[in-house]
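>>> mind looking at a prediction? Sequence and model below.
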Amino acid sequence: MPEVLTAIVLALTVLLACARLLQGHLRRDRTQPAPRWKLTLLLMAQPLLAALLFFGLFPPARPLDAGVMTVYTAGANPAAADADTLRIALPEAPAHTGTEPAPDLATALRRHPGIRGLRIVGSGLDVRDVDAARGLPLRFHPAPRPAGIVDLQAPTTVAPGNAFRVRGRIGGIEAGTLELLDPAVRVIARTPASADGSFALQGVARSVGAFSFQLRLRDAKGQVRDSLPLPLQVIAPAAPRLLVLAGAPDPELKYLRRWALDAGVGLHTRVSVGAGLVLGDAPVALDDASLRRFDAVLLDTRSLQALGDAELRALTRAVRDGLGLLLRLDVPLSPVVRARLRGWGYTVDAGNGNAAVQLANTPLRTAGETTALPGLGRTVAAVQAGDALPLLRDVQAQPLAWWRPLGRGRVGLVALTDSYRLPLAGHAAVHARLWSDLLAGIARSTTAATPAPPAGPIWTGQRALLCGVEGNAAVIAPDGNRMALAIDPASGARSCAAFWPRIPGWHRLQARSTQTAFAVLPADAGLAWQAQRRFDATMALAAQSPTVQATRSATTQRGATWPWLAGWLMLAVLAWWLERRRASPQAR
């Protein structure tokens, strides 16, 4: 209907224009004769102008291959596509491609249900379109990818005082240098990229809060070629609660108490000094109720042997319920102790005295320490457990500590007998890190159950998938706007909901009384990384797709409008010039 009305209006316009030209010719000044061909050309130009304008508004339809759809994505070059296929442009595609626009690939496929194959042109499909393309035959015509940081792995949360490591890869740049900047925009680490483009940097999180570090790439000339924000949330974990049972006072226990005080560990000690006397904190009964108050128990060989049967059963039940247990093998083991260890899954011989060991310089040693680590002693005992894993190794990669699961908890053994020599030799930081790692390896998890943040980075305006959410979950944007989440029934037990962030910054995923913070990057951040992710996802789809088997049909699509409009403009200018042109002096 619009085409018919437009044609009628243009036909009337042609008649009026021809009538005006004829009337002007009859009323012209006879003293200034005009060439006869001028009027003829102007009369012929009127229907031609109308026809060009009509086809510019409604281009002629042309037959297409209905089985294949060409999809323009970011960075698409129209010349790379087959002109005889149905062509659609996604929102991120360049403008003026002369194709049918579509908000997403799923919508385009619903509009054209006969599609049996895809041709992807550009940098690749966005994450919102990957599922829609899955299972269809697909061919990929990739566009050149921008140079910059094309891959990145970085933590999103870290404890205060802990180091965090940033790894990644650059592409399209030779001899690049990576810089890690803290929130005050000071360079805290710098490294050149390796020959294959990979790099690794390390920083330290110093205080609690949400921060934005920055990763910067410079080329060989020192020019900044790419920059990427690194959002990091520094969360202080709940202080672990440790119960220490010792059969006798010793220097090891003294320096363990100092470490616990400095590390903020909730420590409760019970030290037997013989004759029924006990030193330390208020007496604690080893029963189910008391042990639930602690996250880990550290005991030595003598205290394990001194446990009553009821206390041993309560301790074993607590471990199966999630408690961590670490036994110091400080003296040769008696048959009673070995029997109790067998009940926890370990087979250990009696031990053959002590031997000297040397800790490795890394990763326990800090950068500021230049003196060598002192030699330490260990109980020589053969430890056998099929599912035991090492917690600590010496400089020769021999295990010094082990752990194995028992129910929901863990049981660990440590053969070091005099780690207190480390702080005495000026290596208090190594001593603290050693026992922090041992405690972290076996302690009960104190992390509260919170909704899982989205996996991988998300950008403003792009679809993000949140899984493991509840029916009343919502996302709170940095401006306070609350967006309720609708769970997709098709996600099943994964319980996933889609989310489109509008603004960058820290968002909060709220479910009941818990909140999980996650960051949204600006839309223009990490363009090379975004392009590489689209490229990788589309290449993976193309590698798994079957062969395209397209067939011709009567499906048509309107052609491009610009050739017709360009022809109309040139003819209109020519007609205007011809109409305004005066006769030459020779014609007078």
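Here it is on my side, so go on. Numbering: from 1, shown residues only.
>>> okay, CA-based contacts and neighbour counts for the rest of this
Will do.
>>> any idea how far residue 195 is from residue 208?
Distance, residue 195 to residue 208, by Cα to Cα, to the nearest Å: 37 Å.
>>> repeat that for residue 494.
Distance of residue 494 to residue 208, computed by Cα to Cα: 32 Å.
>>> and residue 195 and residue 208? Which one has more around it.
Higher neighbour count among residue 195 and residue 208: residue 208, with 14 against 10, using other Cα atoms under 10 Å.
>>> three-state assignment of residue 283?
coil (DSSP: H, G, I helix; E, B strand; the rest coil).
>>> what's the nearest residue to it if we skip its chain neighbours?
If you skip the residues right next to it in sequence, residue 283 has residue 270 as its closest partner in space, 7.2 Å away by Cα to Cα, 6 or more residues apart in numbering.
>>> equivalent analysis for residue 214, please.
residue 229 (4.4 Å).
>>> quick check: the one you found is in a strand.
Yes - applying three-state DSSP, one finds residue 229 inside a strand.
>>> next, count neighbours for it.
Applying other Cα under 10 Å, we find 18 residues neighbouring residue 229.
>>> just checking, it touches residue 185?
No - assessed by Cα atoms under 8 Å, residue 229 is found out of contact with residue 185, at 11.1 Å.
>>> what's the overlap in contacts for the two?
Counting by Cα atoms under 8 Å, 6 or more residues apart in numbering, the contacts common to residue 229 and residue 185 are 213-214.
>>> returning to what we had before: tell me the contacts of the residue nearest to residue 214?
So residue 229 contacts 212-215, 521, 525 (Cα under 8 Å, 6+ apart).
>>> residue 57 versus that one, what's the distance?
Distance of residue 229 to residue 57, computed by Cα to Cα: 46 Å.
>>> so which strand or helix has the most centrally placed residue in the chain?
For the chain, the residue sitting closest to the mean C-alpha position, by Cα atoms, centre = their mean, is residue 456 at 1.8 Å. Counting by DSSP states H and E, no helix or strand carries residue 456.
>>> narrow the contacts of residue 229 to those that are buried.
Buried members of the contacts of residue 229, counted by 16 or more other Cα atoms under 10 Å: 212-215, 521.
>>> which of those fall within helices?
Taking DSSP state H, every one of the buried ones among the contacts of residue 229 sits outside helices.
>>> dump these into TSV; add pLDDT and distance to residue 315 as well.
Converted to TSV, the buried ones among the contacts of residue 229 look like this (pLDDT from 0 to 100; distance: Cα to Cα, whole Å):
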residue	pLDDT	distance to residue 315
212	93	44
213	95	45
214	96	47
215	96	48
521	95	48
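>>> give me the domain ranges for the protein.
For the chain, automatic domain parsing gives the domain ranges 2-59+563-587, 61-137+545-560, 148-236, 241-442, 464-520.
>>> among these, which comes closest to residue 532?
The closest of the domains of the chain to residue 532 is domain 148-236. By Cα to Cα, the value is 5.7 Å.
>>> start to end distance for the closest one?
Terminal residues of domain 148-236 are spaced 34 Å apart (Cα to Cα).
>>> any chance of the domains of the chain in CSV, with distance to residue 539 too?
Shown next, in CSV, are the domains of the chain (distance: least, Cα to Cα, whole Å):
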stretch, distance to residue 539
domain 2-59+563-587, 35
domain 61-137+545-560, 8
domain 148-236, 15
domain 241-442, 38
domain 464-520, 21
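>>> how about those domains, which one is nearest residue 534?
Between the domains of the chain, domain 61-137+545-560 lies closest to residue 534; by Cα to Cα that is 4.8 Å.
>>> which residues of the stretch 401-550 of the chain score low on pLDDT?
For the stretch 401-550 of the chain, the stretches flagged by pLDDT under 70 are 446-454, 547-550.
>>> which residues of it fall in strands?
Ranges of strands in the stretch 401-550 of the chain, per DSSP state E, counting those that start in this stretch, are 409-414, 464-466, 474-476, 482-484, 497-499, 505-511, 514-520.
>>> can you put those strands in CSV and add distance to residue 542 and mean neighbour count?
Converted to CSV, the strands of the stretch 401-550 of the chain look like this (distance: least, Cα to Cα, whole Å; neighbours: other Cα atoms under 10 Å):
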stretch, distance to residue 542, mean neighbour count
strand 409-414, 45, 25
strand 464-466, 23, 20
strand 474-476, 34, 20
strand 482-484, 35, 15
strand 497-499, 25, 19
strand 505-511, 34, 20
strand 514-520, 29, 19
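>>> ok, back up a step: what bridges to the residue nearest to residue 283?
residue 245, residue 280 (DSSP bridges).
>>> can you get me a residue count around it?
Counted with other Cα under 10 Å, residues neighbouring residue 270 total 20.
>>> which residues touch it?
For residue 270, counting by Cα under 8 Å, 6+ apart, the contacting residues are 243-246, 278-281, 283.
>>> distance-wise, check it relative to residue 277.
10 Å.
>>> again with residue 491
Per Cα to Cα, residue 491 is found 61 Å from residue 277.
>>> between those two, which has more neighbouring residues?
Neighbours per residue (other Cα under 10 Å) separate residue 491 from residue 277, with residue 491 holding more: 11 against 8.
>>> with just CA atoms, put the helix or strand where residue 54 lies into PDB.
For residue 54, the host element (DSSP H and E) is helix 36-57. The C-alpha coordinates for helix 36-57 follow below in PDB (Å, rounded to 0.1, in the frame of the first residue of the first chain):
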ATOM      1  CA  ARG A  36      14.600  23.000 -28.900                       C
ATOM      2  CA  TRP A  37      16.400  20.100 -27.300                       C
ATOM      3  CA  LYS A  38      16.400  21.800 -23.900                       C
ATOM      4  CA  LEU A  39      12.700  21.500 -23.400                       C
ATOM      5  CA  THR A  40      12.800  17.900 -24.700                       C
ATOM      6  CA  LEU A  41      15.500  16.900 -22.200                       C
ATOM      7  CA  LEU A  42      13.700  18.500 -19.200                       C
ATOM      8  CA  LEU A  43      10.500  16.800 -20.100                       C
ATOM      9  CA  MET A  44      12.200  13.400 -20.300                       C
ATOM     10  CA  ALA A  45      14.000  14.000 -17.000                       C
ATOM     11  CA  GLN A  46      10.800  14.400 -15.000                       C
ATOM     12  CA  PRO A  47       9.600  10.700 -15.200                       C
ATOM     13  CA  LEU A  48      13.200   9.500 -14.800                       C
ATOM     14  CA  LEU A  49      13.600  11.500 -11.600                       C
ATOM     15  CA  ALA A  50      10.300  10.100 -10.200                       C
ATOM     16  CA  ALA A  51      11.300   6.600 -11.100                       C
ATOM     17  CA  LEU A  52      14.700   6.900  -9.400                       C
ATOM     18  CA  LEU A  53      13.200   8.400  -6.300                       C
ATOM     19  CA  PHE A  54      10.600   5.600  -6.100                       C
ATOM     20  CA  PHE A  55      13.200   2.900  -6.400                       C
ATOM     21  CA  GLY A  56      15.300   4.800  -3.800                       C
ATOM     22  CA  LEU A  57      12.500   4.600  -1.400                       C
END
